[in-house]
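Trainee: Sequence first, predicted coordinates after that:
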Amino acid sequence: MLSLRSVTKRYGALTALDGVSLDIARGEFFGLLGPNGAGKSTLMSLAAGLRPPDAGVLTLDGVAVTPSDPATRTALGLVPQSLALYDELSALQNLQVFGRLYGLHGGVLRERIDEALAAVGLTDRRRDQVKTYSGGMKRRLNLVAALLHRPKLLLCDEPTVGIDPQSRNAIFDYLEARNRAGLTIIYSTHYMEEATRLCSRIAIIDHGRIHALGTLDELLTRLPFEEEIGFPAIPATAALAAELGAQGTLTTLDGRHRFEPRADFPLSAFYARTEAHGLAPRLFTAARPTLEAVFLHLTGRNLRE
Ligand SMILES: Nc1ncnc2c1ncn2[C@@H]1O[C@H](COP(=O)(O)OP(=O)(O)O)[C@@H](O)[C@H]1O
Ligand SMILES: [Mg+2]
């Protein structure tokens, strides 16, 4: 659906996007995961046609993304990172403004506004000025305002920063339902939990470059080890721990051993040894690596500075 080919964007001497190539297919819930300053919002604004790239090409269904083109405009919805709402107006009035900008009016507009307000739990507060809303309410309104015209691609730029868990869940549920109904979503975030929960594919972005791209499972295999096993440092496990030292990295902290097997050490061998020692399976916990660890491995820094 959306395709980027060697897209570069500079702000003066700073290269915010550095030769990014990406293909996003219809129906995807695509994640852009990266820390502040990675280039996520720049990518979103280019995808929305708000800025031209300095080099490279962006196409939407094979047609160059151009802001002035009405087809581009109606195909896209953008949920900007900084709220784009009129504070003095009510939710109802804001949605009327956005709907009319997209040529909606009359019964259709009323219906879509009612539906949008109900979907994010703002029906009761619809006549109150937006400036009286909590951060989470504003975020929910900012989200549905981008969808009134039923775009086929939603660009969602960090829509949950600094909000309460209830609003966050409402946003997740709403986006998941829209995606199941066929909406293609590009979602940027610096929270690995969000990318893990929501996204069918994830691009790890930093310093304007895509460092890795794939499903969660594919990204996790980028780590040098696949599994980490914890178990208590007690007499029953002492012999096992001694054996494991040569098979990977064994660290002991706070009465627990943590074992990171070497890449070529099969977990079946680990469990064979535990059985040979007569140890109960409940002594062991296998921890899945996290996206945070993948990010650190690929970029040498954490998602959150
Ligand atoms: N309008 C702008 N003028 C100058 N520099 C900018 C502008 N917008 C973003 N930048 C810089 O470009 C880089 C990428 O920013 P941005 O795309 O906003 O990243 P993210 O959304 O991932 O935090 C950052 O170093 C940022 O400071
Ligand atoms: Mg941003």
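Mentor: The structure has been received and is ready for your questions. Ligands and ions are numbered 1, 2, ... in the order given.

Trainee: how far away is the closest residue to G39 other than its chain neighbours from ligand 2?
Mentor: Leaving aside its chain neighbours, G39 sits nearest to G208 (4.2 Å; criterion: C-beta to C-beta, 6 or more residues apart in numbering). Bear in mind the C-beta positions are built from the backbone N, C-alpha and C, glycine included. With distances taken as C-beta to the ion, to the nearest Å, G208 is found 12 Å from ligand 2.

Trainee: G208: neighbour count?
Mentor: Other residues near G208 come to 23 when the count uses other C-beta atoms under 10 Å.

Trainee: cool, and the one 4 residues further on?
Mentor: A count of nearby residues for A212, using other C-beta under 10 Å, gives 18.

Trainee: surely it meets L298?
Mentor: Yes: between A212 and L298 there is a contact under C-beta atoms under 8 Å: 5.6 Å.

Trainee: shared neighbours of those two, which are they?
Mentor: I204, R222 (C-beta atoms under 8 Å, 6 or more residues apart in numbering).

Trainee: doesn't G121 make contact with V144?
Mentor: No: using C-beta under 8 Å, V144 makes no contact with G121, being 10.6 Å away.

Trainee: Those two: which has the busier surroundings?
Mentor: Taking other C-beta under 10 Å, V144 and G121 do not tie; V144 has more neighbours (26 against 15).

Trainee: Reduced to three states, what does the more buried one come out as?
Mentor: helix (DSSP: H, G, I helix; E, B strand; the rest coil).

Trainee: who's in contact with the closest residue in space to P52 that isn't next to it in sequence?
Mentor: Spatial nearest neighbour of P52, chain neighbours left out: L46 (7.6 Å); criterion: C-beta to C-beta, 6+ apart. By C-beta under 8 Å, 6+ apart, the contact list for L46 reads L4, V7, K9, L17, P52, P53, L58, V65.

Trainee: quick one: buried residues of stretch 125-132?
Mentor: Residues of stretch 125-132 classed as buried: R125, R126, V130 (neighbour count, 16 or more other C-beta atoms under 10 Å).

Trainee: just those residues now: which is nearest ligand 2?
Mentor: Ranked by distance to ligand 2 (C-beta to the ion), those are led by V130 at 21.7 Å.

Trainee: residue ranges of the helices in the stretch 151-300 of the chain, please?
Mentor: 165-180, 192-198, 216-220, 235-244, 267-276, 291-299 (DSSP state H, counting those that start in this stretch).

Trainee: Dump those helices to TSV, plus mean neighbour count.
Mentor: Shown next, in TSV, are those (neighbours: other C-beta atoms under 10 Å):
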stretch	mean neighbour count
helix 165-180	16
helix 192-198	18
helix 216-220	16
helix 235-244	14
helix 267-276	13
helix 291-299	19
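
Trainee: Make JSON lines out of these and add mean pLDDT.
Mentor: Shown next, in JSON lines, are the helices of the stretch 151-300 of the chain (pLDDT from 0 to 100):
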{"stretch": "helix 165-180", "mean pLDDT": "93"}
{"stretch": "helix 192-198", "mean pLDDT": "93"}
{"stretch": "helix 216-220", "mean pLDDT": "89"}
{"stretch": "helix 235-244", "mean pLDDT": "91"}
{"stretch": "helix 267-276", "mean pLDDT": "88"}
{"stretch": "helix 291-299", "mean pLDDT": "86"}
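
Trainee: Let's have those in CSV, adding distance to ligand 2.
Mentor: Compiled in CSV, those are given as follows (distance: least, C-beta to the ion, whole Å):
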stretch, distance to ligand 2
helix 165-180, 17
helix 192-198, 14
helix 216-220, 21
helix 235-244, 43
helix 267-276, 39
helix 291-299, 16
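
Trainee: Output those as JSON lines; include the columns distance to K40.
Mentor: JSON lines is the format used below for these (distance: least, C-beta to C-beta, whole Å):
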{"stretch": "helix 165-180", "distance to K40": "17"}
{"stretch": "helix 192-198", "distance to K40": "12"}
{"stretch": "helix 216-220", "distance to K40": "17"}
{"stretch": "helix 235-244", "distance to K40": "41"}
{"stretch": "helix 267-276", "distance to K40": "36"}
{"stretch": "helix 291-299", "distance to K40": "14"}
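
Trainee: Many thanks, have a good one.
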